[in-house]
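Chemist: what would the 3D arrangement of this be:
(one chain, ligands or ions: 1)
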Amino acid sequence: MQPRITKASPDAMKPKPTDVSKLGFGQIFTDHFFTMKYHINKGWYDPVIEPYRSLKLDPASMCFHYAQEIFESLKAYKNQNGMVYLFRPADNFHRMNASARRLCMPEVDVDFTLRCLKNLVLLDNDWIPKATGPALYIRAVMIATEPAVSVHPSNEYLFYIIMGPVGAYYPQGFNPTKIYVTREYVRAVRGGIGACKAAGNYAASLKAGEAASKMGYSQVLWLDALELKYVEEVGTSNIFFLIGDELITPNLSGSILPGITRDSVIKMAKLWNMKVSERPLSIDEIMSAQSKGNLKEAFASGTAAIISPIGQIFYEGKEYVVNDGKTGTVSKKLYNELLQIQYGEKEDLFGWRVPLTE
Ligand code: COI
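Modeler: Next up is the predicted model:
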């Protein structure tokens, strides 16, 4: 199977941002997108790369009722020499398939989908910011489209990929953020869909995010849903704490997203001979380390956020400062090296980079 390609006519092409240093996040989309349909009797069919347009969906489409909607995010990076790279893209489609299995949705063929993505990125190559930091954000989505309202796994689906140039996810850029520990809301519970990149997880997070924002905090630090004791994620990202010389991230207990940036951080830090632990980490352990001066750094990791240092933590009515509210050495080193790998500026010891241009 090959994707059918229809190019946008030159007069239908949208103006591209002129100053990539001023890009926000996720509001601009390129000239083309990819779609592919699924029917239980046919499998995936009709893969098309075509000019970006609105979707036409039956209002009874099951994604609107029962939240069979999963997605993935990755980025395309262009360096000063015009070389374009994807970062661990097959991992995204494998993770999408894991989400699909959990939500009774069909899996995609990883090699084929990746080939279609490469075609799409190269077609919209001129949209990729040629700068370190800004990049082309790629959002792959699968939704249930069978028109039906009885509760069952949909028999029809739409898979699509849209893309757009982005700058930093947080308005603070790489400066430390302030986070808010909520004991009122939880993001996900073991046995649920917290380990999937499912739209419903993000809907569940909005109320707490709003509460945090009203208090002047940029993200929520989520605790486990069963005991409200162990940290899980921060905002839409995974989380790391440097306590003494141990770099700790919560173990994948079933309610935590297996982040690709999280995995990259673990592998890089191990390569640097750091002591890295994936283990349950209680909020009490973090607060105790903070009071003893052992909490050296905290940071979020994710495709959108990259590495985002944390400067303050609000917990039980008090604000605790991490590393004097400054970006720590480990956060800085991880951020810099990750970007160097992603932009083809450093040897890729792990084989993560996929070049799209010669
Ligand atoms: C990402 O890190 O790319 C994510 O998927 C978070 C997103 C919801 C903005």
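Chemist: C-alpha only now, for contacts and for neighbours.
Modeler: OK.
Chemist: mind listing the helices for the stretch 201-350 of the chain?
Modeler: 260-271, 283-292, 329-342 (DSSP state H, counting those that start in this stretch).
Chemist: out of those, nearest to Y185?
Modeler: helix 283-292 (15.3 Å; C-alpha to C-alpha).
Chemist: who touches that closest one?
Modeler: The contact list for helix 283-292 (C-alpha atoms under 8 Å, 6 or more residues apart in numbering) reads L223, K229, Y230, V231, I243, L295, Y320, V322.
Chemist: out of those, which two sit at the greatest distance?
Modeler: So, the contacts of helix 283-292 by C-alpha to C-alpha: farthest apart are K229 and V322, at 19.7 Å.
Chemist: the more surrounded of those two?
Modeler: Just comparing K229 and V322: by other C-alpha atoms under 10 Å the higher neighbour count belongs to V322, 24 against 17.
Chemist: once you drop chain neighbours, what's closest to the more buried one?
Modeler: Excluding its sequence neighbours, the residue lying closest to V322 (C-alpha to C-alpha, 6 or more residues apart in numbering) is G311, at 5.0 Å.
Chemist: check contacts around that neighbour.
Modeler: Contact analysis of G311 by C-alpha under 8 Å, 6+ apart lists P176, T177, K178, A298, V321, V322, N323, D324, G325, K326, T327.
Chemist: so which helix or strand takes in F33?
Modeler: Assigned by DSSP states H and E, F33 belongs to strand 32-39.
Chemist: now what about that strand, what contacts it?
Modeler: With C-alpha under 8 Å, 6+ apart as the criterion, strand 32-39 contacts 7-8, 44-52, 116-117, 120, 123-124, 155-163.
Chemist: mind doing that once more with 7 Å?
Modeler: 44-52, 120, 124, 155-162 (C-alpha atoms under 7 Å, 6 or more residues apart in numbering).
Chemist: next, C196: phi, psi?
Modeler: phi -100, psi 150 (degrees, to the nearest 10).
Chemist: how many other residues sit next to it?
Modeler: As a burial measure, C196 scores 26 neighbours (other C-alpha under 10 Å).
Chemist: ditto for L349
Modeler: 10.
Chemist: what does stretch 251-265 contact?
Modeler: Counting by C-alpha under 7 Å, 6+ apart, 188-196, 232-233, 238, 278-280, 301-303, 334 sit against stretch 251-265.
Chemist: switch to 8 Å and redo it
Modeler: Against stretch 251-265 from outside (C-alpha under 8 Å, 6+ apart): 88, 91-92, 188-197, 232-233, 237-239, 278-280, 301-303, 306, 334.
Chemist: just the buried residues of the residues you listed.
Modeler: Neighbour-count burial (16 or more other C-alpha atoms under 10 Å) applied to the contacts of stretch 251-265 gives 88, 91-92, 188-189, 193-197, 232-233, 237-239, 280, 301-303, 306, 334.
Chemist: intersect these with the contacts of the ligand.
Modeler: G302, T303 (C-alpha under 6 Å from any ligand atom).
Chemist: the ligand contacts on the stretch 151-300 of the chain?
Modeler: Within reach of the ligand by C-alpha under 6 Å from any ligand atom, the stretch 151-300 of the chain has these residues: T236.
Chemist: in the stretch 151-300 of the chain, what residue lies closest to the ligand?
Modeler: Closest approach between the stretch 151-300 of the chain and the ligand, counting by C-alpha to the nearest ligand atom: T236, at 5.0 Å.
Chemist: before I go, just wanted to say thanks for your time.
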